[in-house]
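> Predicted structure and sequence below. I'll ask about it afterward.
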Amino acid sequence: MKNTQKQASGAPVVLTVEDLTLDALTPFGSKRVLDGISFKLHEGETLCLAGESGSGKSVTSLAIMRLLPITSLRVTRGSIKLHDRELLTLHESAMRNVRGADIAMIFQEPMTSLNPVMRIGDQLTEAIRTHQKMGVGDARRAALEMLDAVKITDAKRRLDQYPHELSGGMRQRVMISMALSCRPKVLIADEPTTALDVTVQAQILKLLQELKSEFGASIIMITHDMGVVAEVADRVAIMKSGKIIEAGTTLKIFENPQEAYTQELIAAVPRLGARKGTDSPPRISSVENVEVQTPSTAVLNVEELAVTYGAKAGWFGKGAVGFSAVRGVSFSLKPGRTLGLVGESGSGKSTTGKAVLGLIPFSGKVTIDGVPITKTSQAALKPMRRLAQMIFQDPYASLDPRMTVGEAIAEPLVIHQIGNKNEHRDEVASLLRKVGLSPDVATRYPHEFSGGQRQRICIARALTLRPKLIVADESVAALDVSVRARVLDLMLELQETMGLAYLFISHDMAVVERMCHDVMVMRNGEVVESGSRRKVFESPQVAYTKELLSAVPIPDPRRRNAA
Amino acid sequence: MLAVLVKRLGSSCLILLGVAAITFVLLYCMPADPAVMIAGRTATPTVVANIRHELGLDQPLIMQFFNYLANLLKGDLGRSYVQKSQVSSLIAARLPATLILMFSGIVVEVVLGTTLGVIAALNRGRMLDHIVMGLSFIGVSAPQFVVSLFFLIVFAANLGWFPMSGFGTFNHIVLPALTLGVLGAGWYARMVRSALVEVLTQDYVRTARAKGLTGVRVVLRHALPNALLPIIAMIGIDIGQFMSGVVVVEAVFGWPGIGQLAWQAIQQVDIPIIMGVTLVSALAIVMGNFLADILAPMIDPRIRV
């Protein structure tokens, strides 16, 4: 990793993209998706294409591979050259020989990027034998070597396993080994770590850096995460609405960004440690005279919560034991405060959130505003639903596409038989205003809104019944950084003005640092550390917490080698 | 795994018992009296009563049912009223012909349906897609007796490629198998098309293309196996569909299988044969589903226990 920051411009150019312009063909005419994209990739360098969703970074990578759906996207002009060979005019059969052999690609979702009904070994040898004349036995040996190269544990056994038997991190290692198996000149990595836990992300990024020099490949890394950019890139190209608006060395981009958008992008990244020395999240509300009360009664009380999946009584009294997802979790949450629930996937944080709202069966004692949540029948829980609401991760999937925004927001009022139609309309208007949207949008449908706007709508819906507690499960994880910052601010502001208590579930340590008063770290279904945010973040006691904190990519290229 | 199998076997037996009971009651409620049918129109009431007593039809229904079950457990399906021979041997003699027909029908259905489905999916939105989907719509909605008559008129009567009816050579089976398979093929074409269209957008298909594989290999090795997973389970269920189709197809093409046997038995109110054929069909359906359950985890590694 020592020479990753060297100026690579002296090295020969591997890939040249010039004036690449691409149109999407829609029934209403064509729409420009990429507009004059130009960049050069030098030998041995890592170039990051960074930008938010819709900026055209993934489309660029698919255009280089010529994997775009030809019926809906068309290259109108430009050129893509591998050394001196033009790829855009290459015959499809010749292009197939380039794919996988000269330019290989790894994708965002390791969970779905491997064929689920084919053994790992078969998928690897297929890649190898497509481009190299090799017998099955030799290819299998080569596959094993590749798995060893990506440092997968127990490589030999993996060959005969299916993708579902591997964890996300292992699958991404398999994808990397597959991509590098033919020693490509260019490796395109499209958000390769976005779907992974933060500690796994750190391992994969490190692995990519090591393999880059070992295999002599140049890397085009596509990412939305400026922290990742700072961690791995030699040069950066910032993309926005199909254009490269700024490009340069990583140091230059981070320390002396020219474009306002680049500055915004870098500023929007929540930096871990940014709130060092403070006890509370920043004040957002412009309302100055909000009384900061600290009521003594907790809005949520959880004692010895346990959730077991898959347990059932068998024929003769002994059934399946089941998987213990959460054990012995106790905490309480006061109005106006935020408890962060952090941990990696499978740690039981989402399960805890669902159990608290009675969405899944659990054992233990949960009281919301003094009301015990015991039965998990819909009818018994109905009064509780007025007190506690949930905001989910995916704003695209959690709104009914056939319901107008107004109907979606008013639905809880209808269900709980509160007020009449006119009152509903007024309530919807005031809620929309509260979350920063115009009341006119009530008659529109979810697909007309962006991800951030949809999440605002989801928040409005959660607020309809004036709850005291909101469980936010990865509520900003699917949003772009700049949008994420605004949604977080909105949540803080609502907390100040309405005295909401948040149970804030997140894998993102920097976001948790910004949002929370208290933090609970979970691992394998148990709480390993808890306390005030300041205590946990500034003097973590448990090795796992330290590991989680140190794995977070820092948006500062100078600190790359410090950790 | 073994516990699951035992459980499934147990429930299969219960299903068969239920089928037997329901069929028995239905046949009893039938307005036609088998004794009268056997005795003929001119018979005196005494003769009819004698026949009724002989067949045990004068006993209470519940007794008849238990007698039938007791015999069934011994493997005795009773004796045909009309043909006087053992129902089990009548069915056994005709079962092979029906099994050949069903197997051919399934082959036609799966091969034709999958091929058409793949063609449609790969040409989605184009003319070929519309043509294939139109054909499959006809296949799904046309009644089997119409399809069989159409095939007979075109391929047997006019073109003379295949015989009108009969049994014995490969040529004899083509039209019945096509008739039987065409309905399923229509369904399969639609299911394969929608499954494949879905699968082709999956990430692992993109991975396969990024490896530099040919389009054919991407479809046949990566997309199709995944698309066929949910459809394989359907084949087991299809056997039920086929059982009802077999009666029509065998009658039209003079195919000497159990469908024809059932057809004659229904006309003659030959209750033991009707019961026997119904039970054998139910057994086939139950076994088909059972097979699909065993097969599914063998094909899809994700649902192995």
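Nice, thanks for sending it over. Numbering: from 1, shown residues only, chains lettered A, B, ... in the order given.

> Quick check: which ranges of the stretch 151-300 of chain A have low pLDDT?
A:284-296 (pLDDT under 70).

> residue boundaries of the helices in it?
Ranges of helices in the stretch 151-300 of chain A, per DSSP state H, counting those that start in this stretch, are A:155-158, A:168-180, A:198-215, A:226-232, A:250-255, A:260-268.

> Quick one: list the elements packing against the fourth one.
So that's helix A:226-232. strand A:46-51, helix A:198-215, strand A:218-223, helix A:250-255 (3 or more C-beta pairs under 8 Å, 6 or more residues apart in numbering or on different chains; DSSP states H and E). Where you see a C-beta, it was placed from the backbone N, CA and C, and this is true even at glycine.

> rerun that using 10 Å as the cut-off
With contacts defined as 3 or more C-beta pairs under 10 Å, 6 or more residues apart in numbering or on different chains; DSSP states H and E, helix A:226-232 has these neighbours: strand A:46-51, helix A:198-215, strand A:218-223, strand A:235-240, helix A:250-255, helix A:260-268.

> Can you say which of these is nearest to A:K81?
strand A:218-223 (13.8 Å; C-beta to C-beta).

> Report the angle between the closest one and strand A:46-51.
20 degrees (axes from the mean of the first three to the mean of the last three C-alpha atoms, to 10 degrees).

> just how off-centre is strand A:218-223 within its chain?
18 Å (C-alpha atoms, centre = their mean, to the nearest Å).

> re the thing from before, and of the helices and strands packed on helix A:226-232, who's closest to B:A265?
It's helix A:198-215; of the helices and strands packed on helix A:226-232, that one is closest to B:A265 (C-beta to C-beta) at 67.4 Å.

> Can you mark which positions in the closest one are buried?
A:198-205, A:207-209, A:211-212, A:215 (16 or more other C-beta atoms under 10 Å in any protein chain shown).

> Just name whatever secondary elements it is in contact with.
Packing partners of helix A:198-215 (3+ C-beta pairs under 10 Å, 6+ apart): strand A:46-51, helix A:136-149, helix A:168-180, strand A:186-190, strand A:218-223, helix A:226-232, helix A:543-551.

> change it to 7 Å
Using 3 or more C-beta pairs under 7 Å, 6 or more residues apart in numbering or on different chains; DSSP states H and E, the elements in contact with helix A:198-215 are helix A:168-180, helix A:226-232, helix A:543-551.

> got the contact list for the last one?
What it means is helix A:543-551. By C-beta atoms under 7 Å, 6 or more residues apart in numbering or on different chains, the surrounding residues in contact with helix A:543-551 are A:198-199, A:201-202, A:272, A:342, A:509, A:521, A:523, A:528-529, A:536-537, A:540, A:563.

> Just the CA atoms of that helix, as CSV, please.
Extracted in CSV, the C-alpha atoms of helix A:543-551 (Å, rounded to 0.1, in the frame of the first residue of the first chain):
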residue,chain,number,x,y,z
ALA,A,543,-12.1,-5.1,21.1
TYR,A,544,-15.0,-5.6,18.8
THR,A,545,-16.2,-2.0,19.2
LYS,A,546,-12.6,-0.8,18.5
GLU,A,547,-12.5,-3.0,15.4
LEU,A,548,-15.8,-1.5,14.2
LEU,A,549,-14.7,2.0,14.7
SER,A,550,-11.3,1.6,13.1
ALA,A,551,-12.7,-0.1,10.0
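
> okay, and the helix or strand of chain B with the least pLDDT?
Lowest by mean pLDDT, DSSP states H and E among the helices and strands of chain B is helix B:34-39, with a mean of 74.

> Next, the buried residues of the helix or strand just after that one.
Scanning forward in sequence from helix B:34-39 by DSSP states H and E, the next helix or strand is helix B:45-55. Applying a neighbour-count criterion of 16+ other C-beta under 10 Å, one finds B:48, B:51-52, B:55 buried in helix B:45-55.

> And stretch B:53-68, by the same measure?
B:55, B:57, B:64-65, B:68.

> quick one: terminal-to-terminal distance for it?
Taking C-alpha to C-alpha, to the nearest Å, the first and last residues of stretch B:53-68 lie 15 Å apart.

> cool, and stretch A:436-453?
Terminal-residue distance, stretch A:436-453 (C-alpha to C-alpha): 9 Å.

> try stretch A:333-342
The first and last residues of stretch A:333-342 sit 16 Å apart, counting by C-alpha to C-alpha.

> what separates that stretch from the chain centre, distance-wise?
How far stretch A:333-342 lies from its chain's middle: 22 Å, per C-alpha atoms, centre = their mean.

> And for that stretch, what's in contact with it?
Contacting residues not belonging to stretch A:333-342 are listed as A:281, A:294-295, A:298-300, A:331, A:349, A:352-353, A:468, A:495, A:499, A:501-507, A:509, A:512, A:515-522, A:533, A:548 [C-beta under 7 Å, 6+ apart].

> Bridge partners for A:V17, pull those for me.
A:F39, A:I80 (DSSP bridges).

> Counting neighbours, what do you get for it?
Residues near A:V17, counting by other C-beta atoms under 10 Å in any protein chain shown, number 23.

> same check, this time on A:V512
A:V512, neighbours per other C-beta under 10 Å, totals 25.

> What of A:P110?
Count around A:P110 with other C-beta under 10 Å applied: 27.

> dump the residue contacts of it.
A:168, A:171-172, A:175, A:195.

> got the residue ranges for the helices in the stretch 51-200 of chain B?
B:61-73, B:87-122, B:127-141, B:144-151, B:170-199.

> Taking helix B:127-141 as reference, get the angle to the second one.
Just to be clear, that refers to helix B:87-122. Using the same axes, to 10 degrees: helix B:87-122 against helix B:127-141 is 160 degrees.

> buried stuff in helix B:87-122?
Buried residues in helix B:87-122, counted by 16+ other C-beta under 10 Å: B:87-88, B:90-91, B:94-95, B:97-98, B:100-102, B:104-106, B:108-110, B:112-114, B:116-122.

> Tell me which of the helices of the stretch 51-200 of chain B lies nearest to A:V483.
Each of the helices of the stretch 51-200 of chain B was scored for nearness to A:V483 using C-beta to C-beta, and the closest is helix B:170-199 (29.7 Å).

> what does the average pLDDT come to for the helix or strand harbouring A:R456?
Under the criterion of DSSP H and E, A:R456 resides in helix A:451-463. The pLDDT scores in helix A:451-463 average 88.

> Surely A:V521 forms part of a strand?
Yes. Remark: A:V521 belongs to a strand, assigned using DSSP: H, G, I helix; E, B strand; the rest coil.

> residues in contact with it?
Going by C-beta under 7 Å, 6+ apart, A:V521 touches A:342-343, A:527-530, A:536, A:542, A:544-545.

> list the buried ones in the helix or strand of chain A with the lowest mean pLDDT?
Ranking every helix and strand in chain A by mean pLDDT, DSSP H and E puts helix A:378-385 at the bottom, with a mean of 76. Buried residues in helix A:378-385, counted by 16+ other C-beta under 10 Å: A:381, A:384-385.

> I am finished for the moment; much appreciated.
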